[in-house]
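Peer 1: What would the 3D arrangement of this be:
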Amino acid sequence: MSDFQLHPQLASDTMPIIRLDLCRVLLMNDRQYPWLIMVPEVAGVREIHDLTPGDQQRLTAEITHVSRRLQRYANADKMNVAALGNMVPQLHVHVIARFESDAAWPGPIWGKVPAMPYAQDMAETFIREFGATLKP
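Peer 2: Next up is the predicted model:
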């Protein structure tokens, strides 16, 4: 993992929350949705099937852990989890809390409404409070 580097687009669109055993957990800078990005810290990986079987299992376990915590924290109606990678080739998984009242419901969030960045204090509060729920 020593030559791992976060893709520049992910670095510019997100804020760090915590590092788990395999993944960095990042907050997408769009306050309309509690939206996390999970990035396995493995250099050169583009697809889940590029991970070792052990890392695939760890990724699944970490996605489950983060999704459950975010659903509880945000009181979400539905959790969306996806590894798309059409715009950013580095393997990353979107974990998004959805609500029947959100602007894009019931459709996908991409392209529905422009992003609304967090105010600094709002981002810091989310990172501190939600990050604490992920610590062992």
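Peer 1: what does the lengthiest helix in the chain contact?
Peer 2: Identified as the longest helix of the chain according to DSSP state H is helix 53-74. The contact list for helix 53-74, computed with Cβ atoms under 8 Å, 6 or more residues apart in numbering, reads 20-23, 25, 34, 36, 38, 40, 42, 48-49, 51, 76, 79, 81, 93, 95, 97, 129-130, 133-134. C-beta here means a position set from N, CA and C on the backbone, and glycine is covered the same way.
Peer 1: Then stretch 114-127?
Peer 2: Here stretch 114-127 has contacts from 15-17, 27, 29-32, 34, using Cβ under 8 Å, 6+ apart.
Peer 1: Need the residues you listed in TSV (columns: secondary structure and distance to residue 89).
Peer 2: Converted to TSV, those look like this (DSSP: H, G, I helix; E, B strand; the rest coil; distance: Cβ to Cβ, whole Å):
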residue	secondary structure	distance to residue 89
15	strand	21
16	strand	20
17	strand	22
27	strand	21
29	coil	20
30	coil	21
31	coil	27
32	coil	25
34	coil	25
